[in-house]
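Enquirer: Prediction below, plus the sequence it came from.
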Amino acid sequence: MYYEPKLSFMQSLKGAKKVLKAVDGVSFDVYKGEVLGLVGESGSGKTTVGRSILRLVQPTGGHVYYGGKDVLSANRDEMTEMRRKLQIIFQDPYDSINPRFRIRDVVAEGLRINKLYKDEEDLEAKVKEALKDVKLTPPEQFMDRFPHELSGGQRQRVAIARALALGPDFIVADEPVSMLDVSIRAEVLNVMLDLKDQFGLSFLFITHDLALAKHVCDRIAVMYLGRLVELADSETLISKPLHPYTQALIEAIPVPDPTAPKLKVEIKGEIPNATDVPPGCSFNPRCPYATDRCRTEEPKLREVEPGHWVACHYAEEIWAKRSGKGVGRGNALHPVGLGHRCKRFSGLLGLVGRAAYSSGLFSAVHRFCRYYGCTFLLEIAF
Amino acid sequence: MALLELSDVRMYYRTSAGYVKAVDGVSFSVAKERTVGIAGESGSGKTSIASTILKLLPSNAEIISGSITLEGKDLITASEEEMRKIRWKEISLIPQASMNSLNPVFRIGDQIAEAIMAHEEVGKAEAMDRARELLGMVGIPPERASSYPHEFSGGMKQRVAIAMALALHPPLVIADEPTTALDVVVQAEILELLRDIKQKFSTSILMITHDLSIISELADEVLVMYAGKIVEKADVFSLYKRPMHPYTQGLLGAFPDIRAPRKRLVSIPGSPPDLAALPPGCSFNPRCPYATDRCRTEEPKLREVEPGHWVACHYAEEIASGSARGGDRS
């Protein structure tokens, strides 16, 4: 099944003539049976994308195609059908479930509204089935309880059961575990992934946690200030990030290892307000590689290698420069060719460095450089 | 002598459901110029420790027993007047969600100056000068001292909270979840800042967080808390290399490592404990893969299993040597 959400210009007016471009020209596909991660920091527009796809907000423009029809312009009857198939799990398991409903009613509500049951007995059976699917077993133990009697992780699984009961094809999961304790997150995520395999579901997994996205998602899309800046399968995105923002995000992620090098932030400043998106590439004020072209011309999202899309004018050059350095921490360093210049040592030492580099004594050179405090001895100048 | 020393501290909340044992026999010390991290999830008691040390407790809280000494001076028996002098000057706090702890109707500079003037005999002008200097130290342009909190982003407000905590150069700073609610890049900047401050000011830091990845960035020693007790205590390298308590192992396993190849995530079965209704014996036993009858009846004491490495588990040695954790932490 092929879905094509295409959104452009989500505008809301703030005061006189100010436009907040929450989502500005985002296009992507979600394939059947895949978990597509949508990663970004606050203000990136990722939650707005999730809600727009389901028409929980009405976007200013664009289309979301499901089963050949545009969700955003469907009529009431078509919408009712689509709402069954396109579901959502919210971030806050304490807020998104009616505290006055018993669990059985929380899960049954959607079924009741859509009249997807034959009689009360059938309804009860369907609710039990849904609770079993999310491993809340035995279901009888949970059905008559109230939400406040369940833990956060259990409540989130009820939210999944509620979505699942309607037999959806596609679920938007908006930060489904960020409010849960770390030790129980996997429990909820593994339920989601098992259901994906069992029912052939697709997920749009919205999160700010790139490390989590790597392990949960098949492909990851990175958003910055309302635009998509990079899209690739998870392993590739993490090991070969081509957009400077993605690179910075990865380098900012702390790892639970005291022997790993300490965090170093290479981009400065904070995310600007979405009412004041910089001209050209929205990332240019913070980008260490920005040129005049970046400040005037908005880069289009283009396929730099099969399945790997980047919105950056200099993606290839930046990668060539960086892969001489190695990307992220602990990754294998890729050998590069001749013609590299050391920025710190010139003369004989620089020459020796280059020779070592070209001859493949890469790790020795790398150790030497770290000892001397250069992050990397050899950098490509361009 | 250690800077701060806690000895068998117990602090419970009185509720209609009975006593909630938030801090239940905690002992540790913070030496000068060291950073101690307290790791734990909800219900572990870690934030309660901060409130207990500073005696910022609600009316239904009771310090049942134990002692807390700051350079030899007992804090539990100290009067409120004495505590007022100690707060900010000897021990300061960067509270959780600091962005919400700034007064919205006062300018940033005035708020910092207020703290300075409350504790030292200086005039407004000098206090403002120092406030501006502090802002510069945390990476905020000094001119912004005349701005209001709402004109700052979350990351900048956090920096202001750090500046305020340092205003009187206290030897100990308690940082309670200093980076939660911040974006990942801003989080990295704040951690960098805290590292700089450690060096420049030679402060001791007591860092409280649930995030084991950021503890490893800053801490020299780590305490892992569960259900109001310390379950493991070690220097940071030993803890991450050889976690011995099943809870620590489970917690470390639950953090997805971005460098590792894609794999199925692990969690600890069950849920965080209900502090008003703890199970008998070891509080972790319902969720522990190694629990035996002894665990269900006898509470394990925190003991030194290896030099400098303390664990509260009956089977720490057996688990560390023989069990197949399937982990690849070494």
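Expert: Happy to help now that I have it.
Enquirer: Neighbours of the closest residue to chain B within the stretch 101-250 of chain A, how many?
Expert: When scored by C-beta to the nearest C-beta, the stretch 101-250 of chain A has A:A186 as its residue closest to chain B, at 3.4 Å. All C-beta spots, glycine's among them, are computed from the backbone N, C-alpha and C. Residues lying near A:A186 (other C-beta atoms under 10 Å in any protein chain shown) number 25.
Enquirer: so what's it up against?
Expert: Residues in contact with A:A186 (C-beta atoms under 8 Å, 6 or more residues apart in numbering or on different chains) are B:254, B:264-267.
Enquirer: which stretch of helix or strand covers it?
Expert: In this assignment (DSSP states H and E), A:A186 forms part of helix A:182-199.
Enquirer: so for that helix, what's the average pLDDT?
Expert: The average of the pLDDT scores along helix A:182-199 is 90.
Enquirer: How about stretch B:193-202?
Expert: Stretch B:193-202 carries an average pLDDT of 88.
Enquirer: After the helix holding A:A186, which helix or strand is next?
Expert: The C-terminal neighbour of helix A:182-199 among helices and strands, as given by DSSP H and E, is strand A:202-207.
Enquirer: Just checking that following strand against chain B, any contact.
Expert: No - using C-beta under 8 Å from any C-beta of the partner chain, strand A:202-207 stays clear of chain B, with a minimum separation of 10.9 Å.
Enquirer: Helix or strand next in line after that strand, which one?
Expert: Once the chain leaves strand A:202-207, the next helix or strand it forms, by DSSP H and E, is helix A:210-216.
Enquirer: Following the chain past that next one, name the next helix or strand.
Expert: Using DSSP H and E, the helix or strand that follows helix A:210-216 in sequence is strand A:219-224.
Enquirer: Out of the contacts of A:A186, which two sit at the greatest distance?
Expert: Taking C-beta to C-beta as the measure, these span a maximum distance of 11.8 Å, between B:A254 and B:R264.
Enquirer: how about the nearest residue to B:A161, chain neighbours excluded?
Expert: B:S98 (3.4 Å; C-beta to C-beta, 6 or more residues apart in numbering or on different chains).
Enquirer: that older thread, can I have the buried ones of the contacts of A:A186 as a PyMOL selection?
Expert: To isolate the buried members of these in PyMOL, using 16 or more other C-beta atoms under 10 Å in any protein chain shown:
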select buried, chain B and resi 254+265+266+267
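Enquirer: filter the contacts of A:A186 by proximity to chain A?
Expert: With the criterion set as C-beta under 8 Å from any C-beta, the members of these near chain A are B:254, B:264-267.
Enquirer: which intervals of the chain have sub-threshold pLDDT?
Expert: Looking at chain A here, since you left the chain open. Residues of chain A meeting the criterion pLDDT under 70: A:1-19, A:324-382.
Enquirer: Wait, chain B was what I had in mind.
Expert: For chain B, residues meeting the criterion pLDDT under 70 lie at B:1, B:322-330.
Enquirer: Report the central residue of it.
Expert: Chain B has B:I208 as the residue nearest its centroid, 1.8 Å off, counting by C-alpha atoms, centre = their mean.
Enquirer: burial count for residue 261?
Expert: You didn't say which chain, so I picked chain A. Around A:P261 there are 12 residues (other C-beta under 10 Å).
Enquirer: Chain B is the one I meant
Expert: Burial measure for B:P261: 10 neighbouring residues, criterion other C-beta under 10 Å.
Enquirer: Ok, B:F201 next?
Expert: The burial count for B:F201: 16, using other C-beta under 10 Å.
Enquirer: ok, it to B:S92 distance?
Expert: Between B:F201 and B:S92 the distance is 11 Å, computed by C-beta to C-beta, to the nearest Å.
Enquirer: Between these two, which contacts overlap?
Expert: The contact sets of B:F201 and B:S92 overlap at B:L166 (C-beta under 8 Å, 6+ apart).
Enquirer: which residues in the stretch 151-300 of chain A form helices?
Expert: Under the criterion DSSP state H, counting those that start in this stretch, the stretch 151-300 of chain A carries helices at the ranges A:152-164, A:182-199, A:210-216, A:234-239, A:244-252, A:292-296.
Enquirer: cool, the stretch 1-150 of chain B as well?
Expert: Under DSSP H, counting those that start in this stretch, the stretch 1-150 of chain B gives helices at B:46-54, B:80-86, B:108-119, B:124-137.
Enquirer: Please work out which of those helices is packed deepest.
Expert: With neighbours defined as mean count of other C-beta atoms under 10 Å in any protein chain shown, the helices of the stretch 1-150 of chain B peak in mean count at helix B:46-54, which reaches a mean of 23.
Enquirer: ok, the residue lying closest to B:S27 once chain neighbours are set aside - contacts?
Expert: Nearest non-adjacent residue to B:S27, counting by C-beta to C-beta, 6+ apart: B:S7, 5.1 Å away. Counting by C-beta under 8 Å, 6+ apart, B:S7 makes contact with B:27, B:66-69.
Enquirer: Tell me the one among the residues you listed nearest to A:G45.
Expert: A:G45 has its nearest neighbour among those in B:I68, at 47.3 Å by C-beta to C-beta.
Enquirer: Show me what that closest one is bridged to.
Expert: Beta-bridge pairing of B:I68 under DSSP bridges involves B:L6.
Enquirer: Distance check, it against A:L210.
Expert: The gap separating B:I68 from A:L210 is 40 Å, by C-beta to C-beta.
Enquirer: go on, B:G250?
Expert: Look at B:G250 and A:L210: by C-beta to C-beta, they are 23 Å apart.
Enquirer: A:D105 now?
Expert: Per C-beta to C-beta, A:D105 is found 37 Å from A:L210.
Enquirer: Between the two, which is the more surrounded one?
Expert: More crowded of A:D105 and A:L210, by other C-beta under 10 Å: A:L210, with 25 against 15.
Enquirer: got a list of what the more buried one touches?
Expert: If you count contacts by C-beta under 8 Å, 6+ apart, then A:L210 has A:39, A:220, A:238, A:249-250, A:253, B:184, B:258 around it.
Enquirer: Try it again at 6 Å.
Expert: A:39, A:249 (C-beta atoms under 6 Å, 6 or more residues apart in numbering or on different chains).
Enquirer: again with B:L251
Expert: By C-beta under 6 Å, 6+ apart, B:L251 lies in contact with A:S183.
Enquirer: what inclination does the helix or strand where it lies have with respect to helix A:182-199?
Expert: Here B:L251, judged by DSSP H and E, is contained in helix B:246-254. Put simply, helix B:246-254 runs at 50 degrees to helix A:182-199, going by axes from the mean of the first three to the mean of the last three C-alpha atoms, to 10 degrees.
Enquirer: Just the CA coordinates for helix B:246-254, please, in CSV.
Expert: The C-alpha trace of helix B:246-254 is given here as CSV (Å, rounded to 0.1, in the frame of the first residue of the first chain):
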residue,chain,number,x,y,z
PRO,B,246,20.5,-6.4,38.2
TYR,B,247,18.7,-3.1,38.2
THR,B,248,21.7,-1.2,37.0
GLN,B,249,22.3,-3.8,34.3
GLY,B,250,18.7,-3.6,33.2
LEU,B,251,18.8,0.2,33.1
LEU,B,252,22.0,0.4,31.1
GLY,B,253,20.6,-2.2,28.7
ALA,B,254,17.5,-0.1,28.2
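Enquirer: mind listing the strands for the stretch 51-200 of chain B?
Expert: With strands called from DSSP state E, counting those that start in this stretch, the stretch 51-200 of chain B shows them at B:61-70, B:73-74, B:91-94, B:172-176.
Enquirer: what would these look like in a markdown table with mean neighbour count?
Expert: Rendered in a markdown table, the data for these read as follows (neighbours: other C-beta atoms under 10 Å in any protein chain shown):
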| stretch | mean neighbour count |
| --- | --- |
| strand B:61-70 | 17 |
| strand B:73-74 | 12 |
| strand B:91-94 | 24 |
| strand B:172-176 | 23 |
